[in-house]
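Undergrad: please work out how this folds:
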Amino acid sequence: MAVQKTIEVSGGEAGCAECACEPQPREASANRFGRLMRALFVAVVAAVLLVVVLGEWLGLLEPYTERVPWYAGVAVVLLFGYPVFRNVIRAALKRRVTSQTLMTAGLLAALVIGQWATAVLIIFFMRLADYVERFTGERARHAIRELAALAPQTARVERNGAETEVPVESLSPGDIVVVRPGEKIPVDGEVISGQATIDQAAITGESMPVEAAAGTKVYAASIARLGSVRLRTIHVGPDTTFGRVIRLVEGAEAHRADVQRVADKFSGYYLPVVAGVALLTFLLSRNALSTAAVLVVACSCSFALATPVALLASIGAAAKRGVLIKGGKYLESLARADVLLVDKTGTLTLGRPRLADVVPLNGFSPREVLRLAAAAERFSEHPLAEAVRGAAVEQDLGLPPAEDFRAVPGLGVQARVEGAWLSVGSRRMMRDQGEQSGAAALEGDGKTLLYVERDGALIGLLAAADTVRPEAADALARVRALGIRHIELLTGDNEQTAAALAGSLGIAYRARLLPEDKIAVVKEYQAQGKTVMMVGDGVNDAPALAQADVGIAMGAFGTDVAIEAAHIALLRDDWMLVPEVLSIAQRTMGVVKLNIGFTAVYNLAGLLFAALGFLPPILAAAAQSLPDLVILGNSSRLLRSASASEANQWSRSHAFVGKKQGGSR
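TA: Below you'll find the model as predicted:
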């Protein structure tokens, strides 16, 4: 609302800022996704109850299943199970045992004893798990298309004394490119003339615009907000920093190691035990049916249910809370995470400057300095000008009219206010070049200074800084409490700004990082055997988000590229969702392990009875109904994630942790 009032003060019109920023399409999409996941969960429950209650307990389906020829049942299993059998063969060639190997042994044994319906049920749940994984999977190619679309397709180049618009791919190093206000820069280059305010936060992560003049290096896909410049081209197309971002996302997607699932790890130990008992049973009894009964009871469909139904429940519950999880394997990785890497601008901070300090000089009061500066900045579009006007509106300062306004690109603004000539801008713009008390300390805190001059005399300093999200300190404290051992800030901003922010939150930091530097940090931790989660929101974060074991995008105002490259998207810019999704992942894996543990104990007991001949094949198949129901009941607990009130209650009770670490401004 402050911005809206500011625009009104400056003579413009503003719409409803809240309405404009509200991410309704994404939230609606998440709601639809959550409903679909819960509908799939209900479908699984219905299928199990249909087979267990009507089929195995009451026998109501037997008259129908008995009419189906055995070869028809086998054909159904082979037809729909082909993708599963192919995966099992591929895993076997790599000397790997997966949960699908375990299930395949069970369904083949079921076919041997004539229980084709049991085999079909096992195939159903195995294919359901694969379907859910594909449906919620990431869209890497779409992310790369989104990235490519951000790059300018044409450039204005000087040739033969005239400006000509040409395709970007036709440019060469050394070409002179002209960029006008509001245009995207098409190449990596060096400014040779002109001045402009360049917004390159998407590429470098710097929260404040860069004032570009002769000699300044600029990057493709950044935006000239104010002013015009002429560039000498250095890199074009795929050789630009932006082009390297695209290649990094492609490489991270192609080479990320797949997660070894909990069920796969368990199967590697469990299947040899089952095979040994089955072989021993056959050698001692010479009874093929008893041997098949051992495999059926030990490799039941309850193993196929143990993981996917829990993941379905959690993904659906998370979507309801505004968290879009793109695959169950990311929940497994997140539950193991021990390193959190965090972007700064737009992630830990709000991504827009806010006036932090007013230092009056030469007898002026803070309110008077701010009032005059805001009046001079009335017509400026610079982000720092918006911060100054917003602060004046918050303090309800009446702004006098400004005349003869002019913006000086790269330096500041000038205007006549109340009969005096006001200048607001960088120190280079001021006539009074003397050292000012407190300026160094403010810059040491990572703040950007504006000097306010009236008729050639300096009357004050304004210090602006990107604002830390108010809930960030509490959220990071909760993340630590959930077991994350190391938290580190990765930013393209300068050393002073990064040190100030990291110090206030009690975390480590690395500054002046380009996208390739961020992805290198992720790989560094992964090489140490760490499981890395990364939180970011911009184009410059996309490669690291894709490379991380779990990339989390702040999605409400983050770029579509970051959301597509990430594995989890937060559809509200609320840092408390980060510990919440971490808690969901840990609870989910707890339920999965409990499901597998119960199934293993139950099936091992059944295996013993089958091996001793006390459990014939038909009863072996029927005995598997109980663990199915237990797994469904246990997994249904995940349909309700921790509520926002619970998270906020935790936050209030642990607020002292954030205060000890400096908290947020």
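Undergrad: now the nearest residue to residue 574 once chain neighbours are set aside: how far from residue 568?
TA: Leaving aside its sequence neighbours, residue 574 sits nearest to residue 471 (Cβ to Cβ, 6 or more residues apart in numbering; 6.7 Å). (Glycine included, C-beta is placed from N, CA and C.) Separation of residue 471 from residue 568 (Cβ to Cβ, to the nearest Å): 18 Å.
Undergrad: looking at these two, which one has more neighbours?
TA: Between residue 471 and residue 568, counted using other Cβ atoms under 10 Å, residue 568 has the larger neighbour count: 27 against 20.
Undergrad: pull the contacting residues for that one.
TA: Neighbouring residues of residue 568 by Cβ atoms under 8 Å, 6 or more residues apart in numbering: 323-326, 330, 334, 550-553, 581.
Undergrad: from these, pick the one nearest residue 512.
TA: residue 551 (21.8 Å; Cβ to Cβ).
Undergrad: dig out what that closest one forms beta bridges with.
TA: residue 534 (DSSP bridges).
Undergrad: can you map out the strands along the stretch 351-500 of the chain?
TA: Here the stretch 351-500 of the chain has its strands, by DSSP state E, counting those that start in this stretch, at 402-408, 412-417, 420-425, 448-454, 457-468, 486-490.
Undergrad: out of these, the one nearest residue 175 is which?
TA: strand 402-408 (28.1 Å).
Undergrad: distance between that closest one and the chain's centre?
TA: How far strand 402-408 lies from its chain's middle: 42 Å, per Cα atoms, centre = their mean, to the nearest Å.
Undergrad: one more: stretch 338-346?
TA: 10 Å.
Undergrad: buried stuff in that stretch?
TA: Across stretch 338-346, burial judged by 16 or more other Cβ atoms under 10 Å covers 339-346.
Undergrad: one more: stretch 92-107?
TA: For stretch 92-107, by 16+ other Cβ under 10 Å, it's 97-107.
Undergrad: check stretch 508-518 too.
TA: 509-511, 513-515, 518.
Undergrad: first residue to last residue on it, what's the distance there?
TA: 14 Å (Cα to Cα, to the nearest Å).
Undergrad: contacts for that stretch next, please.
TA: Residues contacting stretch 508-518 (Cβ under 8 Å, 6+ apart): 203-205, 241, 244-245, 248, 341, 343, 486-495, 497-499, 501-502, 521, 539-544.
Undergrad: drop anything exposed from those residues.
TA: The neighbour-count test (16+ other Cβ under 10 Å) marks 203-205, 241, 244-245, 248, 341, 343, 487-493, 497-499, 501-502, 521, 539-544 as buried among the contacts of stretch 508-518.
Undergrad: which of those residues fall within helices?
TA: Within the buried ones among the contacts of stretch 508-518, residues falling in helices by DSSP state H are 203-204, 241, 244-245, 248, 497-499, 501-502, 521, 542-544.
Undergrad: so which of those residues comes closest to residue 161?
TA: Distances from residue 161 to those, taken by Cβ to Cβ, are shortest for residue 241, at 30.3 Å.
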